[in-house]
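In: show me how the following folds:
(one chain, ligands or ions: 3)
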Amino acid sequence: MPIEDRDDAYIVTHALAKHTLSDLRSDGTEQVGFRNGLVKLGRICGYEIIDGMMETEYVSITTPLADTTGERVKGLDDVVIVNVLRAATPFVEGLLKAFPQARQGVVSAGRDESAGMDEDGNFPISVDYVKLPDISEGDTVIVADPMLATGSTMAAVLDEVLAEATPERLLALSAVSAPDGLLHVREAVPSADLLTVAVDERLDEDGYIVPGLGDAGDRAFGTK
Ligand SMILES: O=P(O)(O)OC[C@H]1O[C@H](OP(=O)(O)OP(=O)(O)O)[C@H](O)[C@@H]1O
Ligand SMILES: O=c1cc[nH]c(=O)[nH]1
Ligand SMILES: [Mg+2]
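Out: Ligands and ions are numbered 1, 2, ... in the order given. Sure thing, here's the model as predicted:
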């Protein structure tokens, strides 16, 4: 089963996804390895989305030798991938290997960490830049962000997408999620399907996922 359908989220169960995520988690993985790991994980998640969430159809084709029946993925070209700056950038690079025809959106959304978490466990989110392609009713939109912690960022970005269009399928894809964050996004944006590689134990008092993998943006971009 490429994707497990659970109450809290859809889970990418591919062994190579778990293997790659374990490398990403390790504090011994340096910047280049971390960035390459996110690219690899994005590619695996993309293939798993195709295998586990998209339909195929039979088509007539002609090889150099004969007429025959082939199978193609329906809607493979009707995909929009939204890159949540900045940690999603290498993750999206990998997804694009699976969806080379995808149109892309970019949203800059960040937690105001100086404000701290409110009593409901959410951060204020500043959305500074939104550029989305035209989204049609038949499209699958994948909002990609490796970390879903409190879920505040993901909920804000999904709202931006839904303010512009109602795609056939809206997917929130992360590598690591916290249980509270998944619950928050499910309640805030019920029309979105949540997909993740791992659901970790908890958030710490600063809103970081434990055990998690640390600050994905800092690790991928070499900042502190
Ligand atoms: O679920 P939340 O509590 O909202 O946290 C998750 C967000 O935090 C990280 O981004 P960050 O704000 O660190 O920006 P960066 O990618 O530039 O590092 C991550 O990439 C998510 O966007
Ligand atoms: O654990 C976390 C939480 C938010 N952002 C990250 O990069 N990591
Ligand atoms: Mg960060």
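In: what does this protein put close to ligand 3?
Out: Proximity of the chain to ligand 3 is confined to 215, 217 under the rule CB under 5 Å from the ion. To be clear about C-beta, it is placed using only N, CA and C from the backbone, and glycine gets the same treatment.
In: what segments of the chain are helices?
Out: If DSSP state H is used as the criterion, the helices of the chain fall at 15-25, 31-53, 88-98, 152-164, 179-188, 216-221.
In: if I look at the residue most central in space within the chain, how far off is ligand 2?
Out: Central residue of the chain (CA atoms, centre = their mean): Leu173, 2.3 Å from the mean position. Separation of Leu173 from ligand 2 (CB to the nearest ligand atom, to the nearest Å): 15 Å.
In: who does that residue form a beta bridge with?
Out: Ala144, Leu195 (DSSP bridges).
In: go on, the one 4 residues further on?
Out: On the basis of DSSP bridges, Ser177 is bridged to Leu148, Val199.
In: neighbours around it, how many?
Out: Other residues lying near Ser177 total 29 when counted by other CB atoms under 10 Å.
In: mind listing what it touches?
Out: Going by CB atoms under 8 Å, 6 or more residues apart in numbering, Ser177 touches 9, 147-149, 194, 196, 198-200, 209.
In: ok, it to Glu119 distance?
Out: For Ser177, the distance to Glu119 (CB to CB, to the nearest Å) stands at 21 Å.
In: look up phi and psi at the most far-flung residue of the chain relative to its centre.
Out: In the chain, counting by CA atoms, centre = their mean, Leu65 sits farthest out from the average C-alpha position, at 41.5 Å. Comment: the main-chain dihedrals of Leu65 come out as phi -110, psi -30, following degrees, to the nearest 10.
In: the residue in the chain positioned nearest to ligand 3 - nearest residue in space that isn't next to it in sequence?
Out: Taking CB to the ion as the measure, the chain has Gly217 as its residue closest to ligand 3, at 3.2 Å. Closest residue in space to Gly217, ignoring its immediate chain neighbours: Ala87 at 4.0 Å, by CB to CB, 6 or more residues apart in numbering.
In: count the residues that sit near that neighbour.
Out: Neighbouring residues of Ala87 were enumerated by other CB under 10 Å; the total is 22.
In: check contacts around it.
Out: 38, 145-147, 216-217, 220-221.
In: show me the two of those that sit farthest apart.
Out: Between all members of the contacts of Ala87, the longest pairwise span (CB to CB) is found for Asp145 and Phe221 and amounts to 14.4 Å.
In: between these two, who's got more neighbours?
Out: Under the criterion of other CB under 10 Å, the comparison of Asp145 against Phe221 puts Asp145 first, with 26 against 15.
In: any idea how far Thr63 is from that one?
Out: Distance check for Asp145 against Thr63: by CB to CB, it reads 42 Å.
In: over to Val39?
Out: Taken as CB to CB, the span from Val39 to Thr63 is 34 Å.
In: out of these two, which sits in the busier spot?
Out: Taking neighbours as other CB under 10 Å, Val39 and Thr63 compare with Val39 leading, 19 against 8.
In: contact partners for that one?
Out: With contacts taken as CB under 8 Å, 6+ apart, Val39 has the following neighbours: 90-91, 93-94.
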